[in-house]
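A.B. asks: Sequence below, structure please.
(2 chains)
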Amino acid sequence: MSLLRALLVVRLRLHALFAGRQLDRDLDDELRFHLDREIDAGMARGLSVREARRVALTAIGGLQPRREEIRDTRGLTVLWHALRDARIAVRMIRRRPGFAAVVILTLALGLGGTTAMFAVVNGVLLQPLPFDDPDRLVLLSSAPRDSLFGRALGLSEAQFLDVSAGNRTLEHVTLFASRPANVTGAGEPLRASLGTVTAEFFTVLRARAALGRTIAPGDEDPARDPVVVLSDRLWRGHLAADPQVLGRAIKIDGRAHQIVGVMPVGFSFPDEVQGWVPLDVRSWIQSGNSFTRPAMGRLKAGVTLEQARAELASLAPGPDTQPDAGNWRIVVLPLKERAVGQVREPLAILAGAVGLVMLVSCGNVASLFLIHAARRRREIDVRIALGAGRRRLIRQLLVEGGLMALLSGALGLLFATWAVPALLSLAPARAIPRVDLIRIDASVAMFTLALAMTTTLGFALVPALRTTRWAVPVRPTGRTSTDRHDGLHTILIVAEVALAIVLLTGAGLMMRTFLNLRAVDTGFNTENVLTVTLDLPEGSYATAERAQQFQRDALEHLRVVPGLGAVGAVNWLPFGTAVIRGDFVLDAGRPVPADVLVDKPVVSAGYFQSMGIRLLKGRDFADSDSASAQPIAVVSRSAAATLWPGEEAIGQRISLRSQPRPADWLTVVGVVEDVRQQSLTGDVGRAVYQSYLQVPRLPFLTHLTFVVRAEGDPVTLALAIRNAMRGVDAELPVPSVVPMHDIVASRIAGQAFQTRLLSIFALVALTLTAIGIYGVLAYSVSQRTRELAIRFVLGASSWGVLRMVARRTLMLVGTGVALGAAGAVALTQVLRGHLFAVTPTDPIVFGTAMASLLAAALVAAAIPAWRATRVDPALALKED
Amino acid sequence: MSKPADLMQGTLDLLILKILSLEPLHGWAVGQRLTQVSGDVLQVSDGSLYPALHKLEQNGWIKAEWKTTDNNRRAKFYTLTRPGRTHLERESAQWDRVSLAISQVVKLQA
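C.D. replies: Prediction:
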């Protein structure tokens, strides 16, 4: 095609597009002229006007099909048709606003939920880590040989050195950890999380400092001045983004550290830390202590994860590991697992639940489209009779569907922009990692629109194909009471009911788990208990005496605060961030029961009272149980029962050190009720309590929580408590006051979140299913109006008709319930690991789910049933 | 009544272009002329004539204008354009080759 002609054609097409109306008129004129000439010619042959006209029309094959065909030849056909069909679609939607509104709302509901969940999954699980070539970063950990890698713990110092020296598959390996620290000398005293990392840390991540340098080999040397690298946030927030900051010193836990670098914006790995200090691996090894920290490395170019796995699994686990070292091996995981490993499964469950809700709303929309198509059958028939082509009709029905898809997609996105923040605010604090990556961006919007399009077009297509199937251009106008779509309707409703049952049982199981967890007896009373947690900086609290003095002073300050009842202190609070658990020896060579470890909380006088832990026997600690007094212990009920079965615990002697000196022997003076130290679901810990004033080792003393029983308004008390603490040591960052109840609640916050979300999903599914049942029954009653009228004439009672509707409802719902229950038995197995004190096939949960669905179905059936009884028998006589 | 599909695709186009190459005509007259020239061998329905005309117009091979006929009625007259003439020449040559080939094949089988 020559260029000139191409231009001409484009001009013609554009003309056709914009002057469509004029061209239509021209076409009508042209065809009329043709007809007139034909009629003239016919009359010239001796026909009557009527006859000539009929012959002419027959010859041309009807005017309307010709018009359509000719229109098709001109212009940018596709675009033209789309515009025209869209116009018709808008008209159709406006003619039946109820239908369109229900379809759009139902779909938008499903789409909104799905979009919100997709945004979360996309941000949390799918987005790459913010490092150079992040897929090459791997996490290293030692793990028992016989277990599938449960949790990534990390490597000990010796293992780290072994892996660093012995591997050939990794470029570099680093150990890293984070810990809370008090930062002073940079504006206000600040409690911040700091990274403790080896020099390879920044090399592995390929991260460079924005200012100065990162940590270099040799920085960890204890003989040299300590250094720190700051995060951009700390540098801007507390040092006014001072470019001259390099070389200045800040105090970390009371010790001066020289600032050698500042990292770029957004770099805060691991765990949102605000600074990094060197980790001295060799000093740890020399001290004889060992600590397991997360470790990571970067795969060498061309090395696969599997190759690294195979190589590292064969490395010797290292000399310092347990006697059963042969049972341990080094495992390798993608680094992302560290952040998302814990949430992958809960998120997958929630995403699956949302998917089910989406399916239910799809079922509703599909059945709405079927009903709609059936109602329009007459209209479609007329249009077929008037010469509209099948393709044309199908296309138009699809455009109608597409338009609704666009609207529901847009509305769904709107729902999602509202649902994402709502979802995140429902989630427990810090339960969802990488929250800053969760947003509704172009890819999420594309996902929604694609989903909306495929679903709606699918639903529009099936009825479109069905309704336009008949080749007979004009069908007799008789009543067709057989419902062609009945089978499909039944399948849809049964499926919806089944899906709703699955969601209801899932939500029910989580609900019972949550209630069971909440009912667990922790052994202490959280009511009105407030806590204040702080870490004493090593610099100003270098000895146990200093720490003990601080604790004594603080207790005295707190005891005089008006409105406070009992006051006490503990080093590691139950459900705190850590628990100290270890071995022990008993007096007179008594054998220690195998595999028994004890919790070793260190507490002050008044602690049991303030926590509401019942003293069962003997006495509590007192202020007089100081370093100079006889060393004593209070043991928990189960510790007493395990260590001295059938004997009196009081008066027994125990030491918490493996090679006790005479001063390390503790005499038991009391027995208290068992307390859950860490977990609501596991075993009750056996505890041996010591007096804070009698523990000489500083590491057991620096972390400290004060526990007070409030007798007044907690808010005003919190202020008074903080003032009291500031009065003890103004250098300490002011700690926040946290109700004990919140600390325990945070342990089941994950379950609370899952329960709440699953319940919302289940309710939405239940409502949608009820609406679906209502729609189908209402339609079937309206279809059978005449039949019902005849039945009434023949003497049927309202009661009989009611029974008929009820029977149909129960038939629909019963099948769905049975299928759903079977599906739920299979699907709720994925919840098994998340349940507590309830089996995945709990009969109460299943029964409640079925009963609520039946109830909802009967409510949904009530209006159609009532309408069925009100059918006027006179209708039996009427024509359509 | 034969549908356009029955007539070899392009044949109708070719015939119309040929007829219009002699003189500008309106649609009805094109139909009459078609019946005339092809006798009873080719029956082109009025129904397929107009779509074909409009397609040719959209392709720029013919152009249309409204004129008054001899008995004073407005009618749409079609004229062959310069690209249309080129197209006609090329297509006629092609047609000659194809029809020659076909008639030879038909003879061969006969």
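A.B. asks: Residue A:172 and chain B: what is the separation?
C.D. replies: As judged by Cβ to the nearest Cβ, to the nearest Å, residue A:172 and chain B stand 69 Å apart. Heads up, the C-betas are built off the backbone N, CA and C, glycines and all.
A.B. asks: Just give me the neighbour total for residue A:172.
C.D. replies: Residue A:172 has 18 neighbours, counted by other Cβ atoms under 10 Å in any protein chain shown.
A.B. asks: contacting residues for the residue lying closest to residue A:523 once chain neighbours are set aside?
C.D. replies: Distances taken as Cβ to Cβ, 6 or more residues apart in numbering or on different chains place residue A:675 nearest to residue A:523, at 3.8 Å, with adjacent residues excluded. Contacts here follow Cβ atoms under 8 Å, 6 or more residues apart in numbering or on different chains; on that basis residue A:675 touches A:522, A:523, A:524, A:574, A:611, A:613, A:636, A:684, A:685, A:687.
A.B. asks: Could you check how far residue A:675 is from chain B?
C.D. replies: Per Cβ to the nearest Cβ, residue A:675 is found 88 Å from chain B.
A.B. asks: coming back round to it: now neighbour count, pLDDT and secondary structure too, for the contacts of residue A:675, in CSV please.
C.D. replies: Output for these, formatted as CSV (neighbours: other Cβ atoms under 10 Å in any protein chain shown; pLDDT from 0 to 100; DSSP: H, G, I helix; E, B strand; the rest coil):
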residue, neighbour count, pLDDT, secondary structure
A:522, 20, 89, coil
A:523, 21, 90, coil
A:524, 23, 92, coil
A:574, 26, 90, coil
A:611, 26, 94, helix
A:613, 25, 94, coil
A:636, 27, 95, strand
A:684, 19, 79, coil
A:685, 23, 79, coil
A:687, 26, 93, strand
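A.B. asks: Show me what residue of chain B gets nearest to chain A.
C.D. replies: Proximity of chain B to chain A (Cβ to the nearest Cβ) peaks at residue B:47, 3.5 Å away.
A.B. asks: In chain A, which strand is the longest?
C.D. replies: Counting by DSSP state E, the longest strand found in chain A is strand A:170-184.
A.B. asks: Which other helices and strands does that one contact?
C.D. replies: Contact here means 3 or more Cβ pairs under 8 Å, 6 or more residues apart in numbering or on different chains; DSSP states H and E; on that basis strand A:170-184 packs against helix A:157-166, strand A:190-197, helix A:200-205, strand A:249-252, strand A:295-299, strand A:529-535.
A.B. asks: List the buried residues in it.
C.D. replies: In terms of neighbour count (16 or more other Cβ atoms under 10 Å in any protein chain shown), strand A:170-184 has its buried residues at A:170-178, A:180-184.
A.B. asks: and residue A:443, how many residues sit next to it?
C.D. replies: Other residues close to residue A:443 by other Cβ under 10 Å number 12.
A.B. asks: so it makes contact with residue A:122?
C.D. replies: Yes. With contact defined as Cβ atoms under 8 Å, residue A:443 counts as touching residue A:122 (6.9 Å).
A.B. asks: For the most centrally placed residue in chain B, list the residues it contacts.
C.D. replies: Chain B has residue B:16 as the residue nearest its centroid, 1.5 Å off, counting by Cα atoms, centre = their mean. By Cβ under 8 Å, 6+ apart, the contact set of residue B:16 is B:30, B:34, B:49, B:52, B:53, B:56, B:62.
A.B. asks: Next step: the residues you listed restricted to strands.
C.D. replies: If you go by DSSP E, these have residue B:62 in strands.
A.B. asks: Out of the contacts of residue B:16, which two sit at the greatest distance?
C.D. replies: Spatial extent of these (Cβ to Cβ) is set by the pair B:34 and B:62 at 14.6 Å.
A.B. asks: Is it possible to get CSV of the contacts of residue B:16 that adds neighbour count and distance to chain A?
C.D. replies: Shown next, in CSV, are the contacts of residue B:16 (neighbours: other Cβ atoms under 10 Å in any protein chain shown; distance: Cβ to the nearest Cβ, whole Å):
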residue, neighbour count, distance to chain A
B:30, 22, 10
B:34, 19, 13
B:49, 21, 9
B:52, 21, 8
B:53, 25, 8
B:56, 24, 9
B:62, 25, 11
